[in-house]
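Q: have a look at this fold, sequence not included:
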Ligand SMILES: Nc1ncnc2c1ncn2[C@@H]1O[C@H](COP(=O)(O)OP(=O)(O)OP(=O)(O)O)[C@@H](O)[C@H]1O
Ligand SMILES: [Mg+2]
């Protein structure tokens, strides 16, 4: 038995820890997200180079980059971008303002709620793009019409989100505000508005996405300028490279605007960061 | 000086057909610390909210004489997450005295923190500071330590006792903890069937007696 005692403690690894099968997905692949798109571009490049992909179906990636430069150099692309951006920005601005103001009127007073909320809820059932024929009859097919369609889309979304946020304030905070004797204006300023801010930002981000969607639709049905018009013309001449350039621009619009809003949101909701991180 | 900080007479509160408070009387002297015990669902929070004037849609009758300067402490610290600690303390009062109050509860230097950056005990201390700056003549507290761990609770007891000795508000403390009630209060009252069924000075209060009043039989 002595030899057992002589041996140094070999019990460093106790009875084998039970091995459980991992059910989660495990570690992410480094740069995994880039992998898929890179693969698509690789296949696209190879098939273009070998001639397997007809440029009438889809131009080669390098042709598209070249076209992008040409369109920039001759001023067509910047001009179209500016036109499109202006439409979206004006529509978004008016829509977001109107939607927010209506939401505040209806979220803070019962009279406002009675007048506004039902009306907007009815409007909600009708897709804004469905209003296009009527709005064309009223406004023609000029810029006002496009801006109004975008504004209506944005306003509806902003209203719904902001109103829900304003009326959904945690009742415990309302009780607190009463207990510390806040006046109505203080209550609105210190409790209701800051509490509704996350919902407001959610509205902004949904609205920005919807405004790009409206823009795309509007520019492709009846426009004489803008990115959508550029793409529409290219379709007539079978220029797939120009169409793809337009798609890239739309994609950038969406990406950049969302990123911008995220940054503003992070600043405005600094108190939230501590919760998630 | 008034002979009472709070006087409740013939107070009735009911939800649907059920009378939760039924012809209840309670008087608290200025500076007196009263602990309110009662079974779960006996109506302690209902009584507290009635005194605090926070029960808008509850039906009931009775007379309430309550001072203007009332502070309420809730079971959760109920800090507004979007206001910094100091702004939470000074919510609804003129700014200026919050810093001193935070120092009194031992949170000097944390004025600029967000509530979410504080521990549960620290948050509850901020809530206490929020009560202090109001210089209340009556402090209503609904299980303010219920969510804290035992150790933090003991510290909070000491803090509360110290602050009450210094500022001398009348206190109505709801608790389900008999020992807490005996330790902190001058007087212990038990809510039974919608009224104050038992009303004893804390030094006379007998643990076993109180527990049996709460419906808990204790093996000797
Ligand atoms: N808003 C309400 N609507 C209907 N019934 C209610 C409401 N609030 C309280 N009650 C009822 O009134 C009774 C007393 O509730 P209360 O919250 O005052 O009890 P409590 O003594 O504070 O209990 P606990 O110790 O669990 O906090 C309970 O039976 C409860 O179901
Ligand atoms: Mg309660």
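A: Looks like it came in fine. If you're wondering where the values come from, they're calculated on a predicted model, not measured in any experiment. Ligands and ions are numbered 1, 2, ... in the order given.
Q: measure residue A:206 to residue A:37 for me?
A: Residue A:206 sits 25 Å away from residue A:37, going by CB to CB, to the nearest Å. In this view, the C-beta of every residue, glycine as well, is placed from N, C-alpha and C.
Q: the two: which has the busier surroundings?
A: A count of neighbours by other CB atoms under 10 Å in any protein chain shown puts residue A:206 above the other of residue A:206 and residue A:37, at 15 against 9.
Q: wait, is residue B:34 part of a strand?
A: Yes - remark: residue B:34 belongs to a strand, assigned using DSSP: H, G, I helix; E, B strand; the rest coil.
Q: so what's the most centrally placed residue in chain B up against?
A: With distances taken as CA atoms, centre = their mean, the residue of chain B nearest its centroid is residue B:141 (1.5 Å). Residue B:141 makes contact with B:72-73, B:171-174 under the criterion CB atoms under 8 Å, 6 or more residues apart in numbering or on different chains.
Q: try residue A:49
A: residue A:60 are the contacts of residue A:49 under CB under 8 Å, 6+ apart.
Q: next: residue A:194.
A: B:80, B:82-83.
Q: what comes up buried for the helix ranked longest in chain A?
A: The residue-count maximum for a helix in chain A (DSSP state H) belongs to helix A:76-108. Under the neighbour-count criterion of 16 or more other CB atoms under 10 Å in any protein chain shown, helix A:76-108 has A:77, A:80-81, A:83-85, A:87-88, A:90-92, A:94-96, A:98-100, A:102-108 buried.
Q: and it, what does it pack against?
A: Other elements packing on helix A:76-108 under the criterion 3 or more CB pairs under 8 Å, 6 or more residues apart in numbering or on different chains; DSSP states H and E are helix A:61-73, helix A:143-167, helix A:193-221, helix A:227-236, helix A:240-268.
Q: and if we set it to 7 Å?
A: helix A:143-167, helix A:193-221, helix A:227-236 (3 or more CB pairs under 7 Å, 6 or more residues apart in numbering or on different chains; DSSP states H and E).
Q: show the average pLDDT along the second one.
A: Looking back up the chat, that one is helix A:193-221. Averaged over helix A:193-221, pLDDT sits at 94.
Q: same question, the first one
A: With pLDDT averaged residue by residue, helix A:143-167 scores 96.
Q: could you list the buried residues of it?
A: For helix A:143-167, the neighbour count (16+ other CB under 10 Å) marks A:143, A:145-163, A:165-167 as buried.
Q: before we move on, what about the second one?
A: For helix A:193-221, the neighbour count (16+ other CB under 10 Å) marks A:193-205, A:207-208, A:210-220 as buried.
Q: what angle sits between that helix and helix A:227-236?
A: Computed by axes from the mean of the first three to the mean of the last three CA atoms, to 10 degrees, the angle separating helix A:193-221 from helix A:227-236 equals 30 degrees.
Q: okay, the angle between helix A:193-221 and helix A:143-167?
A: Using the same axes, to 10 degrees: helix A:193-221 against helix A:143-167 is 150 degrees.
Q: can you give me the offset of helix A:193-221 from its chain's centre?
A: 7 Å (CA atoms, centre = their mean, to the nearest Å).
Q: next, the angle helix A:76-108 makes with it.
A: Relative orientation of helix A:193-221 versus helix A:76-108 (the same axes, to 10 degrees): 140 degrees.
Q: repeat that for the last one.
A: Between the direction of helix A:227-236 and that of helix A:76-108, the angle (the same axes, to 10 degrees) works out to 130 degrees.
Q: helices and strands around helix A:227-236, which ones?
A: Judged by 3+ CB pairs under 7 Å, 6+ apart, helix A:227-236 is in contact with helix A:76-108, helix A:193-221, helix A:240-268.
Q: can you tell me which of those is nearest to residue B:154?
A: Smallest distance to residue B:154 across those (CB to CB): 34.3 Å, for helix A:193-221.
Q: what angle sits between that closest one and helix A:240-268?
A: Going by the same axes, to 10 degrees, helix A:193-221 makes 170 degrees with helix A:240-268.
Q: count of neighbours near residue 140?
A: All of this refers to chain A. So residue A:140, with other CB under 10 Å, has 10 neighbours.
Q: could you do chain B instead?
A: Quick note: residue B:140 (other CB under 10 Å) scores 28 neighbours.
Q: what separates it from residue A:203, distance-wise?
A: As for residue B:140, its distance to residue A:203 is 38 Å (criterion: CB to CB).
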